Structures are given as structure tokens and as C-alpha cells.
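Chemist: Give the three-dimensional model of this entry:
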Amino acid sequence: MLLATPVTPLIAAETAAIEVSPMITVFGRANNLVGTANAASEGRVGRADFNTRPLQRAGELLEVVPGLIATQHSGGGKANQYFLRGFNLDHGTDFAAFLDGVPLNYRSHGHGQGYLDLNFIIPEAIEYIDYAKGPYRADAGDFATAGSATFRTYDNLPTRLSAEGGSGPYLRAVGTGTARLGEGSLLLAVEARHDDGRYILTENLSQFSGFGKYTVPLGDGTLRTSIAAYHVDFNSSEQVPQRAIDSGIIGRLGFLDNDLGGSTTRIGVVSNWTQNGNMPLLVLAYAHHYRFKLYSNFTYLLDDPVNGDEFEQADRRTVIGGRVTKAFKAGADAMSIEFLLGTEGRYDFIPEVGLYRTAARARLSTVRQDDVKQGSGAIFGEATLHPTDRLRVILGARGDVYNFDVTSDLAVNSGTDTATIFSPKATVAWTPVDAVELYANYGRGFHSNDARGTSITIDPNNGHAADRVAPLVRGEGYEGGVRLRPLNGLSITASGWWLDLQSELLFVGDGGTTEPQGPSRRKGVEFGAFYQPAPWLALDAEYTFSKGRLTELPRDVNRIPGAIERVIAGGIVVQRGGFTGSLRLRHFGSVALIEDNSVRSQPTTVVNSRLAYGFGRYEIAASIFNLLNSKDAEIDYFYASRLPGEPAGGVEDTNLKPVEPRQIRKRCAGALQGLKFHGMS
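Modeler: As a prediction, this is how the structure comes out:
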């Protein structure tokens, strides 16, 4: 059941020269996972990776997943936009993420289905990330069609302070520490961040994140209870039309609307109990409250020449849920079968999910406003058989049931619906020799659609009839792969995959209505290599290529707009005499921006670097983002918009968000062994 090699280097515990309290560092790619992983495309990445990798924003934690790109078309307080395996995942529609077992994707969200905002995560609190691509795991349900990732937090951290600053200005401070409290330990982590960005419009981002976790033995297991709080306010420098730059209306880093931005507040509690031993029982419960506002303007004067096209998306909800899993073994020796059985449930109370026309962030009118109640439940299981000592067969399945209840301000768009789906899974892993493992994977998965799309009958923008969406969209995937360990310290993975999606029909939060595209097929190949020839040196490289098509359209108009095709990434890490240096390249190729492939984006290549020096209990570091000062685009779109003086129907054009110019961030950190938190006994 667990997990394969990542593609980024893991070569040392967290800055080994910093003498702090003992910490467990999880090594992913450095381990030989032949015989234990279930797919060539699964992996685990530990803290040593994050510490050596230049990290510009929290969402880039997901870029440790081979082939995944995390971009940003808006302000730094908004969720990243993700790309993987031929998907433009928008903000998370077909990629599921979890934090300590809690699902992070938001269903029926005001901005987009599956909205995945990782900005509240404090990277220093993350111990490791498990990732898996494709719909092959029974324990991952909604949104886990292209893949999934699970973030795990530390149980304890040393007392440590860090401060970071850079151009913009950019300021960030983080503090961590652990105290004894009764029979357990209390971890605390706080982060404060201010960022004005490198674009012409000052971002004025202000963020606070807090995280506390109490870990205590209880019965024959361990109880972990955590609280996380987060708030951010920010301005947004959005994507702009290429013609506005070419004509000199704005500079390359300029803006056309200075009212854009938003805010997010999130506070939640999680409690889980894990039984000791190799076949544990796990019980998880969680609840959190969430508020979101976002102001955007993508088309300027196209829809409303008087007030402009600015709009607000709002989301206010409370989420509760839980999960229970139990692992056990039946039989003995070679005839034994390992089982994992589980059940989970979640309920979203959403008294406001709305779309409003605005000017200068003041509401002018309501496009639609809804009260949504959405619940789901699932049972799942896996059985692992060992026909021989070199062959494993994993058979799994899950069944999900969803209920949607929508009360809309337009009564005809109200309604209820219930849907179920069954998802079988199968994996075969064969180790013909000790250094080689072959994999074959099959699975069905799904993503849910926005509840508002299941009951819509009238487009709130124009009063025309609108098509309802299927509540649950089926995905079916296949994969074959190989993992090689030809030399000590050298790991190579390769895989080919295929994924069919029942429908690309989505509810579009930016418009309050549905957008049909039909069924699709994606397929591709992936290669990854990691080599650690010496304890002080590590190199990694990855290449992925994907092809996505809409299967019911003619070949000349069947491209999936924004579907990523080629990703190349690699890096080198050197650690000698207290110094740690790293250099990383990230490249993603040109993509089709419209269905007939007549307009394509330009490829993007960015190089980042980091240099750190540890001495005693302290460390100083500098990260350079966009080292070569690339002028490429962070993201591109193609659609119509209207600038002052242009025709009423607008002008179709490429709209782009440039990569931020070169930025240097300097950081100092210290492990304060002389300072102790005193708990109560």
C-alpha cells in the first residue's frame, strides 16, 4: 500500500549542521522501494526535499509530484492553478489533496469545483508528502482522477525562529516549538507574511497562519488533536491581454483594474486516534469554518461598458467529516491476505455561495446566490495477495453516495439530487529480480460536479435554458510501469498511462452556469531518475509528456484548451562543509489554448537556486527565484475582452500572466535550545 519514489533529491536531514532537538527526516527517493511500492508513479517526499528546494509559495509543495506544475494567474492569496497528466486542473478539480487525512478540496466552491488552496499550510510543519497518480487507490475518492497527495505534519519540532526578506518588499517570519504538556507534547507553529509582489500593482498581501498539535498516548494507540487558523487579504494583478502590452497601454508587468483581490479565513480542528502496531485501527474526525471573497475582472468592458465587468465570488461554509479504517491480516505465511477496510463521510453546510456584479468591490447586482447542503458517504476496501514471494496482487473497490440540496435565489434553479458510483481497482506488482519491479494498474475514479449545476435550469446571466451536469463524472485509468535500482543510490522509474473521462461538462463559477465539452481521453509517458553518487551530492531529472483530446469532436477541433503536454524538471543539490547549494530547472511546453490548436502558448522555462550555510545552531540562506530573469508567461489563456475604444463584441486575444522578475530572498534561522516551553503536568 505504500508508496514509491519521488523525483527530487533527499540527501540530508534538515540542514545537518543546525544542532537542534532530534527530528525524524523521511527520505523518499534515497530509499529502495522495489518490492514495496504499488506503482511507478507513486512516491513519498520528506522534509529534506523541501529544505533544499527553493520554494516561492506554499502551493509549490505540490511540484514535488513529478510532472505537476503549480502556477498563479492572480494574487498570492488565491489558490494556485495546477496542471498534470494532460489536465488543466484549474484549482484542483481532478487532483485531491489531504492534510493529516482531512480532504482539502472544496466542493461546490464559489470560485471553482474542487478549489484547492494550500496557502494556509506552514511548510516547516510538514514532515512528508505521499503522492499517487491515477485513480488506482481505493482510499482516495472525489477528485482523485489525475492523482492525489497527502500532507503529514510533524508531531514535534525544535524551538526555532526564522526571518526572511526580499524585494517587493517581501517579509516572512516563522516560529516553531514543542512543549511537554501532561503525558503528551504540544507543537506550535506560527507564520506571518507580507508581500507586495514584483508587479506594478502593489499586492499588499498580509497573511497569518497558526498551527497547534497535541500528541498523547491513549490506550493502545496515539491521539493527535490539532487546530489550524489562517487569514489573508491581498490585491491581485491578473492576466492581461497581449494587445494591451504590445500597444503600450500597459507594461509587461502592468494591470488594467486596480480593484481586484480578495480575502480568505479558515479555522479548523482535527482529531485522530491511531492504534499501535502494523495492522492499526484509525479513527478521524474534523470540522472547520471557511470564508472566501474574490474580486476579478477578466473581460474589462465587454459585458458592462458603463460599470465594467468586475465581479465578486463569495463562499461561506462549515465542513464536518470523519473516517475510520482498519488493517488486518487473514491466513499465514505465503497464503496470507492483507486487508484494509474503511468508511468515511463529509457534510458541507454552505449558507452562501454567490456570484455578484461589482464596481470598486461594491455590489451592484446579484447574478446568483445559493444555499447549498452537500453530503457524501463512502465505504472502501483493498486486499493484498502474495501468490509468490515476488508477486503481489492488490484488488480494491469503493462505493460513494452523494446528496445535493440547492436553494437558489432563482427558484427554478433550486432542487435536490442523489447519486451513487462504484469504483473498482486492481494492481499487479512483479519483481523478477531484486533490482527490477514491474507494475500494471487499473482503476475507476470520479470527480463530483458543483451542486448548483445539478439543479440549474435557467442561465442566470441571460434567462436562457441551461443544461444540468451529471452529479458524478466517471474516470477510468490504466497504467504500466517499471522501477529500476541498477546501482546503489540510483533509481529510475518509467510509466505509460491512459485515462478516459466521461464528461468535461463543468459548472463554471465565473459565470454561474454550465460549460459543455464532452468526454475526453488523455494518455502519456513519464520518466524519472534520481542519483546520489556520494553522500554530499544528489541529482534528479524528470520528463513527462501527455496528450489530451475531446473524443466526440472532429480531429481538427478536439484539443482540450490548456491541457499541459510536456514537462521537464531537474535539479542538483550539493552539501559540503556546512554549505548547501541547490539549482532547479522547471520547464513546461507550449499548449493549445483553443480547440482547433490555431492558438498556442509559448513554452516557459524558469531556473531557481538556493545557497545556505549552517554553523552551530544557526543557518543563513539566500534563494534566487527566476535566476535567469525569464520573460516567459506563468500562464496563458485565449478569450475575448474589451478595452476602451474597442468594438462592442470585444477582441479575441491571448491573455497572460508574466513570470515574476528575478527576486532574491534572504533568510536567517536559529534553533534556540536555550529557550523552552514549560508545560503543565
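Chemist: From now on I want contacts and neighbour counts done on CA atoms only, so please keep to that.
Modeler: OK.
Chemist: Surely residue 78 touches residue 117?
Modeler: Yes: in this structure residue 78 lies within contact range of residue 117 using Cα atoms under 8 Å: 6.8 Å.
Chemist: quick one: which of these two has more around it?
Modeler: The neighbour count for residue 78 versus residue 117, taken as other Cα atoms under 10 Å, is higher for residue 78 (28 against 21).
Chemist: any weak-confidence spans in this structure?
Modeler: 1-31, 333-334, 505-514, 516, 673-681 (pLDDT under 70).
Chemist: Looking at it, which strand is longest?
Modeler: In the chain, with assignment by DSSP state E, the single longest strand is strand 362-388.
Chemist: Buried residues, that one. List them.
Modeler: Going by neighbour count (16 or more other Cα atoms under 10 Å), the buried part of strand 362-388 is 366-386.
Chemist: SS state for residue 553?
Modeler: When classified by DSSP: H, G, I helix; E, B strand; the rest coil, residue 553 comes out as coil.
Chemist: and if you look at residue 61?
Modeler: What three-state DSSP gives for residue 61 is helix.
Chemist: That one: what's it in contact with?
Modeler: 50, 55, 123 (Cα atoms under 8 Å, 6 or more residues apart in numbering).
Chemist: again with residue 484
Modeler: 34, 435-437, 491-493.
Chemist: Export the residues you listed as JSON lines, with columns for neighbour count, distance to residue 464 and secondary structure.
Modeler: Putting the contacts of residue 484 into JSON lines (neighbours: other Cα atoms under 10 Å; distance: Cα to Cα, whole Å; DSSP: H, G, I helix; E, B strand; the rest coil) gives the following:
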{"residue": "34", "neighbour count": "24", "distance to residue 464": "57", "secondary structure": "coil"}
{"residue": "435", "neighbour count": "17", "distance to residue 464": "62", "secondary structure": "coil"}
{"residue": "436", "neighbour count": "17", "distance to residue 464": "59", "secondary structure": "strand"}
{"residue": "437", "neighbour count": "26", "distance to residue 464": "56", "secondary structure": "strand"}
{"residue": "491", "neighbour count": "26", "distance to residue 464": "57", "secondary structure": "strand"}
{"residue": "492", "neighbour count": "22", "distance to residue 464": "54", "secondary structure": "strand"}
{"residue": "493", "neighbour count": "25", "distance to residue 464": "51", "secondary structure": "strand"}
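Chemist: can you put those in JSON lines and add distance to residue 470?
Modeler: Listed next are the contacts of residue 484 as JSON lines, based on distance: Cα to Cα, whole Å:
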{"residue": "34", "distance to residue 470": "40"}
{"residue": "435", "distance to residue 470": "45"}
{"residue": "436", "distance to residue 470": "42"}
{"residue": "437", "distance to residue 470": "39"}
{"residue": "491", "distance to residue 470": "42"}
{"residue": "492", "distance to residue 470": "40"}
{"residue": "493", "distance to residue 470": "37"}
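Chemist: Direction included, what does the longest strand of the chain pair up with?
Modeler: Here strand 362-388 is paired, per DSSP bridges, with strand 337-359 (antiparallel), strand 391-408 (antiparallel).
Chemist: Out of the ones you listed, the one nearest residue 273 is which?
Modeler: Closest approach to residue 273 among those (Cα to Cα): strand 337-359, 14.4 Å.
Chemist: Which residue is the nearest non-sequential neighbour of residue 310?
Modeler: Spatial nearest neighbour of residue 310, excluding adjacent residues (Cα to Cα, 6 or more residues apart in numbering): residue 297 at 4.4 Å.
Chemist: okay, now the residue nearest to residue 632 when sequence neighbours are not counted: neighbour count?
Modeler: Closest residue in space to residue 632, ignoring its immediate chain neighbours: residue 604 at 5.3 Å, by Cα to Cα, 6+ apart. Using other Cα under 10 Å, residue 604 has 19 neighbouring residues.
Chemist: Is residue 604 in contact with residue 569, as I believe?
Modeler: No: in this structure, residue 604 is not within contact of residue 569 by Cα under 8 Å, at 11.6 Å.
Chemist: what touches both of these two?
Modeler: Joint contacts of residue 604 and residue 569 (Cα under 8 Å, 6+ apart) are residue 587.
Chemist: Thank you kindly, that will do.
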